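Participant: Quick one: sequence plus predicted model below, questions after.
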Amino acid sequence: MARIAVEVAFALPERQAVVALEVPLGATASEAVALADLPGRFPDVSPEAFAGTDLGIFGKRLREPSSHRLRAGDRVELYRPLILDPKAARLARAIAEKR
């Protein structure tokens, strides 16, 4: 069976992992994430965090990661939820700078 090379990327504020994989031709983004064994690489993160997160390819969010077929060279990225809204952070900085 033909295989293609892809990467799966996940990052925390203090560390990251980019896992190089060879997956079967026709594999989906969700399947690649499962093959990357991220819970084994990040034991301090809940396994549910990897299953329920948004996925993207090179910064572009996927609407249907379970049906998106990967191409050779794709980098599947797992997106964590924002802790702080960027607009609120900018507003807080602007207010603090005025003082």
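Facilitator: Received it, and whenever you're ready, just let me know what you need.
Participant: what about the spatially most central residue of the chain, helix or strand, and which?
Facilitator: For the chain, the residue lying nearest the average C-alpha position, counting by C-alpha atoms, centre = their mean, turns out to be Leu78 (1.2 Å). Leu78 is part of strand 75-79 when elements are defined by DSSP states H and E.
Participant: List the contacts of that strand.
Facilitator: When contacts are defined by C-beta atoms under 8 Å, 6 or more residues apart in numbering, strand 75-79 is touched by residues 6-10, 18, 29, 32-33, 38, 50, 53-59, 61, 65, 70. Bear in mind the C-beta positions are built from the backbone N, C-alpha and C, glycine included.
Participant: can you confirm Gly40 is in a helix?
Facilitator: Yes. Using DSSP: H, G, I helix; E, B strand; the rest coil, the assignment for Gly40 is a helix.
Participant: May I have the strand or helix carrying Ala92 exported as PDB, CA atoms only?
Facilitator: Using DSSP H and E, Ala92 falls within helix 86-98. Provided in PDB are the C-alpha atoms of helix 86-98 (Å, rounded to 0.1, in the frame of the first residue of the first chain):
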ATOM      1  CA  PRO A  86      -6.400  39.000  22.100                       C
ATOM      2  CA  LYS A  87      -8.700  42.000  21.900                       C
ATOM      3  CA  ALA A  88      -9.200  42.100  25.700                       C
ATOM      4  CA  ALA A  89      -5.400  41.700  26.200                       C
ATOM      5  CA  ARG A  90      -4.700  44.700  23.800                       C
ATOM      6  CA  LEU A  91      -7.300  46.800  25.600                       C
ATOM      7  CA  ALA A  92      -5.800  46.000  29.000                       C
ATOM      8  CA  ARG A  93      -2.300  46.900  27.800                       C
ATOM      9  CA  ALA A  94      -3.600  50.200  26.300                       C
ATOM     10  CA  ILE A  95      -5.300  51.100  29.600                       C
ATOM     11  CA  ALA A  96      -2.200  50.200  31.600                       C
ATOM     12  CA  GLU A  97       0.100  52.300  29.300                       C
ATOM     13  CA  LYS A  98      -2.200  55.400  29.700                       C
END
